[in-house]
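S.K.: Take a look and give me a structure for this.
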Amino acid sequence: MKVSRFWAWATFIVGAAYFFIPLIATLEFSLRMRRGEYSFDAYRVVLGDIRFQETFGYSVIIACFTIVLGVVLVVPTAYWIRLRMPHLRPVVEFITLLPLIIPAIVIVFGYIRMYGSNSPIPFLGSTRGTDVLLIIGYATLALPYMYRAVDTGLRTIDVRTLTEAAQVHGAGWTTIIARIILPNVLIAVLSGAFLTFAIVIGEFTMASLLNRPAFGPYLQNIGANRAYEPAALAVIAFAITWGCMSVIQVLSRFAPKSANNPN
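M.R.: Here you go, the predicted model:
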């Protein structure tokens with residue numbers, strides 16, 4: 001028993017060291033912009049850079065629209081699959097896993113070929129159209145995480161009973177989804193939303209190839225031309241991601257327990 005506990009702690013310590021030592025080194029390096037002393041000059045330069053403010057603000061806006069699109073697509077689909085077409089769940093789950101298998105560069109080149117300026121649907125012919133295409137692409141990348149978060153939330157409630165009770169009171173499908181189902185899986189939806197936010201903030205490939213002023217390409221550009229600022233940006237990006245993960249952990253404490261029903 002003592003031996004197993006020793007190896008468990010040893011594995012934990014090695015894993016923690018593997019994760020935290022590079023991060024601590026990055027943090028320490030980011031504080032050395034002023035020669036001979038530690039300072040937050042690199043962070044001051046980065047946060048004061050107008051390009052940082054513009055690209056980060058752009059990515060936040062795109063992330064919000066991506067979350068809305070993901071919720072609108074996933075919640076009704078997952079609900080309907082669980083309520084009326086449970087035999088299609090394996091097929092839908094396989095489809096939602098495809099963005100993990102197909103590289104983002106393949107997806108975006110497909111978009112460029114299909115929606116270029118000479119296409120019948122020329123999304124890339126205007127700035128707004130390109131933004132819409134980018135949002136659709138990000139929703140595709142986030143689909144595996146959003147779908148599983150929502151599907152897990154639906155497992156914790158009795159979907160069929162709630163639906164039948166709402167129909168008895170004359171509720172339509174839109175009302176059932178918006179006012180009955182969505183509030184009951186809100187914690188799961190928020191978990192998927194924060195995962196989507198973290199993905200969008202750091203994504204590089206799609207934003208770069210579609211030539212959009214997003215935060216991911218800005219990170220790459222700074223990393224190629226500066227010394228201390230990229231380390232500061234890496235720490236900031238880690239903080240954003242950890243913040244999202246921490247919020248998900250907090251929200252999961254308020255999620256209802258599984259109802260253990262077949263629906």
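S.K.: pLDDT weak spots in the protein?
M.R.: Low-confidence segments of the chain (pLDDT under 70): 1-3, 252, 254-263.
S.K.: Centre-most residue in it?
M.R.: The chain has residue 196 as the residue nearest its centroid, 1.7 Å off, counting by Cα atoms, centre = their mean.
S.K.: May I have the residues that are in contact with it?
M.R.: 63, 66, 67, 70, 138, 139, 142, 145, 146 (Cβ atoms under 8 Å, 6 or more residues apart in numbering). The way it works is simple: take the backbone N, C-alpha and C, and place the C-beta from them, glycine included.
S.K.: ok, residue 17 to residue 98 distance?
M.R.: Distance, residue 17 to residue 98, using Cβ to Cβ, to the nearest Å: 36 Å.
S.K.: Let's see the host helix or strand of the residue nearest to the centre of the chain as PDB, backbone CA atoms only.
M.R.: In this structure, residue 196 sits in helix 186-202 according to DSSP states H and E. Extracted in PDB, the C-alpha atoms of helix 186-202 (Å, rounded to 0.1, in the frame of the first residue of the first chain):
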ATOM      1  CA  LEU A 186     -27.400  25.900 -18.700                       C
ATOM      2  CA  ILE A 187     -24.300  24.800 -16.600                       C
ATOM      3  CA  ALA A 188     -23.300  22.300 -19.300                       C
ATOM      4  CA  VAL A 189     -23.900  24.900 -22.000                       C
ATOM      5  CA  LEU A 190     -21.700  27.400 -20.100                       C
ATOM      6  CA  SER A 191     -18.900  24.700 -19.800                       C
ATOM      7  CA  GLY A 192     -19.000  24.200 -23.600                       C
ATOM      8  CA  ALA A 193     -19.100  28.000 -24.100                       C
ATOM      9  CA  PHE A 194     -15.900  28.500 -22.000                       C
ATOM     10  CA  LEU A 195     -14.100  25.700 -23.900                       C
ATOM     11  CA  THR A 196     -15.200  27.400 -27.200                       C
ATOM     12  CA  PHE A 197     -13.900  30.700 -25.900                       C
ATOM     13  CA  ALA A 198     -10.500  29.200 -25.100                       C
ATOM     14  CA  ILE A 199     -10.300  27.600 -28.500                       C
ATOM     15  CA  VAL A 200     -11.200  30.800 -30.400                       C
ATOM     16  CA  ILE A 201      -8.800  33.000 -28.500                       C
ATOM     17  CA  GLY A 202      -5.700  30.900 -29.300                       C
END
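S.K.: after it comes which helix or strand?
M.R.: On the C-terminal side of helix 186-202, the closest following helix or strand by DSSP H and E is helix 205-209.
S.K.: tell me the angle of the following helix or strand past that next one relative to helix 186-202?
M.R.: Once helix 205-209 ends, the next helix or strand along the chain (criterion: DSSP H and E) is helix 215-225. Angle, helix 215-225 to helix 186-202, by axes from the mean of the first three to the mean of the last three Cα atoms, to 10 degrees: 40 degrees.
S.K.: now what about helix 215-225, what contacts it?
M.R.: 46, 51-52, 55-56, 58-59, 201-205, 207-208, 229-230, 233, 237.
S.K.: Buried ones only from those residues, please, as a PyMOL command.
M.R.: Those of the contacts of helix 215-225 that count as buried under 16 or more other Cβ atoms under 10 Å are selected in PyMOL with:
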select buried, resi 46+52+55+56+58+59+201+202+203+205+207+208+229+230+233+237
